[in-house]
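Asker: Below is the sequence, then the predicted model.
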Amino acid sequence: MLVTPPDLNSPIDAALVWWLIDAACAIYVVVHAIRARVSMAYIFLWGPAAILIPKSTTLILLLWGGRKHTALAKAKIAINAAAAQIGEPPETTGNDFKMMSDRQGLEMLETLRHEIRNARHRIHLSTYIFSADRTGIEIMHLLAAKAREGVEVKLLLDALGSWGTPTRLGRRLTRAGGKIARFNPVLPMQGKGSANWRNHRKIAVFDGKVAIVGGQNIGLKYMGDVESRGRFRDCSFRIAGPAAATIERVFIADWCQATDTKPEDFTDILRARPVARGLVNINVISSGPDALNDPLWEHYVRMIETAQRSVTVVTPYFVPDETIFRLLKAAAQRGLRVKILLPRKSDHRLLDFARRWYVRILQEAGAEILFFKPDVLHAKLFIRDDVEAVVGSPNLDMRSLFLNYEIGVAVTTPSALNEINGFVDTLAAESIPYSENFYQHSRTWTGRTLEIISRVLEPLL
């Protein structure tokens with residue numbers, strides 16, 4: 001706790017030194033929280049702690065806080081520059097696009113099986129969660145079989161998301177010649193940067209020609225042969241063509257960070273460019289602590305600002321930052337159709353409390369709030385005027401917008417948008433509209449208290 005400053009006319013003593021250290025630590029924490037520009041709640045989270053326990057808070061912030069890493073941003077720029085020198089700039093046209101959105105995730109599972117079995121040169125797979133269940137074991141066995149055939153297999157797991165994944169699950173793959181890396185270990189001083197930065201990207205690339213992105217992790221909660229009521233309702237996207245090479249570049253950058261590998265080791269891959277496979281335009285957007293700015297957040301802001309008729313958001317967790325929230329509210333007030341589609345209950349109860357204030361205000365402003373009833377909705381979609389959609393791994397919360405490594409793809413081709421809009425219509429048909437009694441418990445003392453606590457903690461949830 002900060003102590004009263006000693007008499008500055010007296011000789012410098014230990015008390016003055018410790019007071020100066022405490023003051024410097026407190027200033028560092030407050031300035032860091034303000035510069036993060038996540039939300040006022042982020043400042044309220046760190047500010048009091050900086051005053052009461054400045055040295056401890058500074059240490060926690062160094063290990064767990066913050067949201068940008070200048071060195072990593074420069075490294076990412078270097079990787080992209082090296083890739084640009086080695087090969088041609090990424091192309092956005094000429095892609096085939098297929099949405100996988102069935103209730104049980106069987107389409108995604110069958111696509112993974114097919115692409116793994118048909119890979120001839122390399123498989124690059126990155127996921128936040130890799131579960132040691134029936135689905136995870138099957139995918140690991142398939143990857144090991146390809147590694148034994150001489151196919152290069154690299155599997156990147158987030159160290160926190162896959163914390164419970166036993167090491168023995170991957171032994172079959174590593175013994176077959178495949179490689180497994182864990183992204184940013186959470187133990188202090190093992191990872192690069194804050195342990196709060198998680199790789200939430202879901203990427204699978206096969207021979208640099210076909211890629212899969214979306215919201216589905218590897219596990220029975222997301223995909224399986226047997227019908228399950230506990231399965232998340234989600235979607236992923238198979239992309240074939242030049243955009244697959246751009247997605248693979250994101251994987252390579254993450255692999256280089258996790259393993260201290262040089263991008264020059266991937267020269268042949270960076271030089272390769274897949275031929276056109278379709279007519280869909282795709283712009284790949286990656287965002288995270290290694291980006292100089294916030295590309296996904298900036299793209300969402302532009303989409304709302306340029307919308308003429310409608311903005312549709314599908315997300316499991318709805319805790320927007322102040323700017324996006326204000327823009328959505330203004331869009332609803334000026335007559336645009338703002339539709340927010342959320343799970344009735346997500347798998348993170350605190351975030352459900354945190355979203356209550358946002359949906360109440362938006363509903364009062366004229367937005368259409370829908371709650372998906374049958375399962376936990378885990379899909380992530382952001383649609384403008386039915387002419388552009390961003391799909392991929394990011395939720396519409398401050399962790400995805402400002403802290404996580406995320407990947408999204410923006411599509412503007414009508415055929416692809418028709419698939420996405422059809423999926424949204426299916427979800428809406430199984431949803432219920434917002435009603436005053438839906439959150440009746442929020443009017444209780446306990447409900448309001450939990451709501452306040454969750455809103456303060458929301459930047460870290």
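Answerer: That came in fine, so what should we check first? Numbering: from 1, shown residues only.
Asker: Walk me through the domains of the protein.
Answerer: 14-64, 70-281, 295-460 (automatic domain parsing).
Asker: for the longest one, the distance to its chain's centre please.
Answerer: Once both centres are worked out by C-alpha atoms, centre = their mean, to the nearest Å, domain 70-281 turns out to sit 14 Å from its chain's centre.
Asker: who wins for proximity to Gly288 among the domains of the chain?
Answerer: domain 295-460 (3.6 Å; C-beta to C-beta). In this view, the C-beta of every residue, glycine as well, is placed from N, C-alpha and C.
Asker: what's the model's confidence in the closest one, averaged?
Answerer: In this model, domain 295-460 has a mean pLDDT of 89.
Asker: Stretch 231-242 too?
Answerer: Mean predicted confidence for stretch 231-242 is 96.
Asker: Next, the distance between the ends of it.
Answerer: In stretch 231-242, first residue to last residue: 32 Å (C-alpha to C-alpha, to the nearest Å).
Asker: same thing with stretch 197-210?
Answerer: Terminal residues of stretch 197-210 are spaced 28 Å apart (C-alpha to C-alpha).
Asker: Just the mean pLDDT for that stretch, thanks.
Answerer: pLDDT averaged over stretch 197-210 gives 94.
Asker: how about it: buried residues?
Answerer: 197-210 (16 or more other C-beta atoms under 10 Å).
Asker: what do you get for stretch 306-319?
Answerer: Neighbour-count burial for stretch 306-319, with 16+ other C-beta under 10 Å as criterion, is recorded at 307, 310-319.
Asker: hmm, back to that, any chance of the buried residues of stretch 197-210 in JSON lines, plus distance to Gly241?
Answerer: Output for the buried residues of stretch 197-210, formatted as JSON lines (distance: C-beta to C-beta, whole Å):
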{"residue": "Trp197", "distance to Gly241": "31"}
{"residue": "Arg198", "distance to Gly241": "29"}
{"residue": "Asn199", "distance to Gly241": "25"}
{"residue": "His200", "distance to Gly241": "25"}
{"residue": "Arg201", "distance to Gly241": "20"}
{"residue": "Lys202", "distance to Gly241": "19"}
{"residue": "Ile203", "distance to Gly241": "16"}
{"residue": "Ala204", "distance to Gly241": "15"}
{"residue": "Val205", "distance to Gly241": "12"}
{"residue": "Phe206", "distance to Gly241": "13"}
{"residue": "Asp207", "distance to Gly241": "13"}
{"residue": "Gly208", "distance to Gly241": "11"}
{"residue": "Lys209", "distance to Gly241": "8"}
{"residue": "Val210", "distance to Gly241": "9"}
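Asker: As a markdown table, these with distance to Leu336 and secondary structure would be great.
Answerer: Putting the buried residues of stretch 197-210 into a markdown table (distance: C-beta to C-beta, whole Å; DSSP: H, G, I helix; E, B strand; the rest coil) gives the following:
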| residue | distance to Leu336 | secondary structure |
| --- | --- | --- |
| Trp197 | 34 | coil |
| Arg198 | 33 | coil |
| Asn199 | 34 | strand |
| His200 | 29 | coil |
| Arg201 | 31 | coil |
| Lys202 | 31 | coil |
| Ile203 | 33 | strand |
| Ala204 | 36 | strand |
| Val205 | 37 | strand |
| Phe206 | 40 | strand |
| Asp207 | 43 | coil |
| Gly208 | 40 | coil |
| Lys209 | 39 | coil |
| Val210 | 37 | strand |
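Asker: Burial check on Leu342, number of neighbours?
Answerer: Counted with other C-beta atoms under 10 Å, the neighbours of Leu342 add up to 23.
Asker: next one: Ser393
Answerer: 28.
Asker: Strands of the stretch 1-150 of the chain, start to end?
Answerer: Secondary structure of the stretch 1-150 of the chain (DSSP state E, counting those that start in this stretch): strands located at 96-100, 122-127.
Asker: Please indicate which of those strands has the most neighbours on average?
Answerer: strand 122-127 (a mean of 24; mean count of other C-beta atoms under 10 Å).
Asker: packing partners for that strand?
Answerer: Under the contact criterion of 3 or more C-beta pairs under 8 Å, 6 or more residues apart in numbering; DSSP states H and E, strand 122-127 touches helix 134-148, strand 152-158, strand 203-206, helix 242-259.
Asker: let's see it at 10 Å
Answerer: For strand 122-127, the packing partners by 3 or more C-beta pairs under 10 Å, 6 or more residues apart in numbering; DSSP states H and E come out as helix 106-118, helix 134-148, strand 152-158, strand 179-183, strand 203-206, strand 210-214, helix 242-259.
Asker: Name every strand pairing with the shortest one and say which way it goes.
Answerer: I take that to be strand 203-206. strand 122-127 (antiparallel), strand 210-214 (antiparallel) (DSSP bridges).
Asker: hmm, back to that, and the helices and strands packed on strand 122-127 as a markdown table, adding distance to Ala429?
Answerer: Output for those, formatted as a markdown table (distance: least, C-beta to C-beta, whole Å):
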| stretch | distance to Ala429 |
| --- | --- |
| helix 106-118 | 19 |
| helix 134-148 | 28 |
| strand 152-158 | 34 |
| strand 179-183 | 38 |
| strand 203-206 | 30 |
| strand 210-214 | 21 |
| helix 242-259 | 31 |
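Asker: Nearest to Gly366, out of the ones you listed?
Answerer: Minimum separation from Gly366 across the helices and strands packed on strand 122-127 (C-beta to C-beta) falls at strand 210-214, 30.8 Å.
Asker: Tell me which helix or strand comes right after that closest one.
Answerer: Downstream of strand 210-214, the next assigned helix or strand under DSSP states H and E is strand 236-240.
Asker: For that next one, list the C-alpha coordinates in PDB.
Answerer: The C-alpha coordinates for strand 236-240 follow below in PDB (Å, rounded to 0.1, in the frame of the first residue of the first chain):
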ATOM      1  CA  SER A 236     -16.500 -23.800 -39.900                       C
ATOM      2  CA  PHE A 237     -15.500 -23.000 -43.500                       C
ATOM      3  CA  ARG A 238     -13.500 -25.000 -46.100                       C
ATOM      4  CA  ILE A 239     -11.500 -22.700 -48.400                       C
ATOM      5  CA  ALA A 240      -9.600 -23.900 -51.400                       C
END
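Asker: now the domains of the chain as a markdown table including distance to Ser287?
Answerer: A markdown table is the format used below for the domains of the chain (distance: least, C-beta to C-beta, whole Å):
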| stretch | distance to Ser287 |
| --- | --- |
| domain 14-64 | 14 |
| domain 70-281 | 10 |
| domain 295-460 | 4 |
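Asker: who wins for proximity to Pro289 among those?
Answerer: When those are compared by C-beta to C-beta, domain 70-281 sits nearest Pro289, at 4.8 Å.
Asker: For stretch 264-277, buried residues please.
Answerer: Neighbour-count burial for stretch 264-277 [16+ other C-beta under 10 Å]: 266, 269-270, 272-274, 277.
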